[in-house]
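Student: predicted structure and sequence below. I'll ask about it afterward.
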Amino acid sequence: MPGKAAPNAVFDFVIVGGGSAGCVLASRLSANPAHRVCLLEAGPTDDSPLVRVPAGIIALMRSRKRNWRYRTCAQRHLGGRELYIPRGKTLGGSSAVNAMIYTRGHAWDYDHWVELGNPGWGWSDVLPIFRRSENNTRGADAYHGTGGPLDVADVAFSHPVSEAFVAACVQAGYPPNHDFNGAVQEGVGLYQVTQTGGERCSVARGYLHPVTSRPNLTVLTNTLATRVVIDGKRAVGVACVGDAGARTIEAGTVILSGGTINSPQLLLLSGIGARSQLEPHGIRQVHDLPGVGRNLQDHPDILVVQRSQRHDTLSLGPGYLPQAITGLYRYLVKREGAFTSNVAEAGGFIKSGTDAAIPDLQLHLSAALLDQHGLNWKFATGWGYSAHVCVLRPRARGSVSLKDANPASHAVIDPDLLGDPDDVESLLGGLKIVRGILQQDALAPWRGDEIFPGGDVRDDAGLRGYLRAKAETIYHPVGTCRMGNDAMAVVDSKLKMHGIDGLYVVDASVMPSLIGGNTNAPTVMIAEKAADGILGS
């Protein structure tokens, strides 16, 4: 079990946030027994069966114990709706509650980071790190590795409607692709997932659990960081409150890995940021860094939801009970069947048109009726399937700011979703594409009435209205402590804070721009690369 630290303990490294990045850092930095490492996590341990069972994502999406359950402020382009933003609040962070999809993005994304002033982050730089981090059941090749801490596998279960969706995409003219992380990203197929033996392989399971017995590693759960302690222009520790009360963890190096929401919030609470963001809350400015909390980006996503004629899709209704009992038995006995599903088994990366140089849309198919990404449980009691499409490189930029000076308060999250007209038109185009895919012959045995947007919504004006009524993010927030060398950058290309010694930010918040895919695997890569840099290797 994780150890306990005495008040005012002195460490070489204190890592704030036991999520994907924090678990990687704790493992890599503590590998040298001379390094004293402390990992702080605001949530509990990840010992819940819901974390291990892949289908537990359905409950974890609403968990009050292991999910921050954030909501955005009212979105001005979405009729004032507040969007749900789930973030993991447990060891493993969002890798303990997400859909486990393992994608890296496109090579262009990383070369673009270099163009934005971040040397060392090109595709040729990061590919070896991706390979090093994974243990892929397909074996090692030029794009994949074996023997790494993170288990990556083909989906153990794929619903027939997921496979029919892939076939429908091919019928619509999109190429099949067996490996979205290989030589070519474009195409459709079944995703690989971070699973092992039919169970979730969170980053905590892959990186942290095997090393918690190290005497030089202290892991404190249920411990909320309240402030980075700054002496002059150097970080010297972290103030926090937890089961043992309030304390200060002193350290030679402080690393923030709280994620795109929590890392900028903690910096602002610590007096690091624009004066205009601090003074209204009575916080004294310690260091002027106006980019803290700016540049928030997320993938805008919309669903096309179809009722199924066949009663074999996933449902939470009474009619599903016999299937659920059978599925639970298969899982408990053999770790196989529907309970190993990540609920988003199929999808891919496609181009919106011939003028797109690289895929600019991503698809996910869920063999269930979804509304509000599954939060509307009553809606999910019927038979059907739901196809997502998201815009991979949106133009809208939002922010994370303080509600008040209380560290326990949630930040004000404003992604400004669909705030750029180009994002609206891109999502509209994606919506039309998905509608066409769902009308292909491969899905004819399942296809019933279209629920969303609805068969009577056909013109562009009506579809734009549907986007504003139903668009969500797909939970890939990045960018609020972005790396770079300009006035609005928060960290440099080594992820060291501009102007503050001994302080790093290592998580998805440092991404200067969104990558074209799910963001967990890139976050692991970022932490691996940061550990190399911090250790001087």
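Tutor: All right, it came through fine.
Student: so where do the strands sit in the stretch 351-500 of the chain?
Tutor: Along the stretch 351-500 of the chain, counting by DSSP state E, counting those that start in this stretch, strands occupy 361-366, 384-391, 399-401, 412-414, 447-452, 472-473.
Student: could I get these in JSON lines, plus columns for mean neighbour count, mean pLDDT and distance to Gly88?
Tutor: Every C-beta, even on glycine, is put in place using the N, C-alpha and C of the backbone. Output for the strands of the stretch 351-500 of the chain, formatted as JSON lines (neighbours: other C-beta atoms under 10 Å; pLDDT from 0 to 100; distance: least, C-beta to C-beta, whole Å):
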{"stretch": "strand 361-366", "mean neighbour count": "27", "mean pLDDT": "98", "distance to Gly88": "19"}
{"stretch": "strand 384-391", "mean neighbour count": "26", "mean pLDDT": "98", "distance to Gly88": "20"}
{"stretch": "strand 399-401", "mean neighbour count": "24", "mean pLDDT": "98", "distance to Gly88": "17"}
{"stretch": "strand 412-414", "mean neighbour count": "21", "mean pLDDT": "98", "distance to Gly88": "16"}
{"stretch": "strand 447-452", "mean neighbour count": "17", "mean pLDDT": "97", "distance to Gly88": "28"}
{"stretch": "strand 472-473", "mean neighbour count": "22", "mean pLDDT": "97", "distance to Gly88": "16"}
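Student: need those in TSV with distance to Thr313, can you?
Tutor: Converted to TSV, those look like this (distance: least, C-beta to C-beta, whole Å):
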stretch	distance to Thr313
strand 361-366	9
strand 384-391	6
strand 399-401	37
strand 412-414	33
strand 447-452	10
strand 472-473	21
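Student: residue ranges with poor pLDDT in this structure?
Tutor: Scanning the chain with the threshold set as pLDDT under 70 gives 1-9, 317-318, 537.
Student: can you do 50?
Tutor: Applying pLDDT under 50 to the chain flags residues 1-8.
Student: where is the longest strand in it?
Tutor: If each strand of the chain is counted by residues according to DSSP state E, the longest one is strand 245-256.
Student: name the helices or strands packed onto that strand?
Tutor: strand 10-16, strand 37-40, strand 224-231, strand 234-242, helix 259-269, strand 503-505, helix 520-535 (3 or more C-beta pairs under 8 Å, 6 or more residues apart in numbering; DSSP states H and E).
Student: ok now the second one, how far from the chain's centre?
Tutor: Okay, so that is strand 37-40. 22 Å (C-alpha atoms, centre = their mean, to the nearest Å).
Student: if we can go back for a sec, so which of the strands of the stretch 351-500 of the chain gets nearest Ala338?
Tutor: Closest approach to Ala338 among the strands of the stretch 351-500 of the chain (C-beta to C-beta): strand 361-366, 12.5 Å.
Student: what angle sits between the closest one and strand 384-391?
Tutor: Angle, strand 361-366 to strand 384-391, by axes from the mean of the first three to the mean of the last three C-alpha atoms, to 10 degrees: 160 degrees.
Student: can you tell me the strand partners of strand 361-366 and which way each runs?
Tutor: Strand pairing for strand 361-366, using DSSP bridges, gives strand 346-350 (antiparallel), strand 384-391 (antiparallel).
Student: could I get that strand in CSV with only the CA atoms?
Tutor: Extracted in CSV, the C-alpha atoms of strand 361-366 (Å, rounded to 0.1, in the frame of the first residue of the first chain):
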residue,chain,number,x,y,z
LEU,A,361,-12.8,14.0,-38.6
GLN,A,362,-12.9,11.1,-36.1
LEU,A,363,-15.7,8.5,-35.8
HIS,A,364,-16.8,6.4,-32.8
LEU,A,365,-19.7,3.9,-32.8
SER,A,366,-21.5,2.8,-29.6
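Student: contacts for that strand next, please.
Tutor: Contact with strand 361-366 is made by 99, 101, 161-162, 165, 169, 188, 299, 314, 343-352, 374, 385-392, 426, 429-430, 433-434, 437, 474, 516-517, as judged by C-beta atoms under 8 Å, 6 or more residues apart in numbering.
Student: just the buried subset of the residues you listed, please.
Tutor: 99, 101, 161-162, 165, 169, 188, 299, 314, 343-350, 352, 374, 385-392, 426, 429-430, 433-434, 437, 474, 516-517 (16 or more other C-beta atoms under 10 Å).
Student: how many neighbours does Gln175 have?
Tutor: Quick fix: residue 175 reads Pro, not Gln. As a burial measure, Pro175 scores 13 neighbours (other C-beta atoms under 10 Å).
Student: how about the nearest residue to it, chain neighbours excluded?
Tutor: Computed as C-beta to C-beta, 6 or more residues apart in numbering, the closest residue to Pro175 that is not its neighbour in sequence is Gly187, at 4.4 Å.
Student: ranges for the helices of this structure?
Tutor: If DSSP state H is used as the criterion, the helices of the chain fall at 20-29, 49-52, 57-60, 107-115, 123-133, 160-171, 203, 259-269, 275-278, 321-334, 421-438, 460-470, 520-535.
Student: so of the ones you listed, which one's packed in deepest?
Tutor: Counting by mean count of other C-beta atoms under 10 Å, helix 203 has the highest mean neighbour count of the helices of the chain, with a mean of 32.
Student: and that one, what other elements does it pack with?
Tutor: helix 20-29.
Student: about what we covered before: what's the closest of the helices and strands packed on strand 245-256 to Phe452?
Tutor: Using C-beta to C-beta, the nearest of those to Phe452 is helix 520-535, at 27.1 Å.
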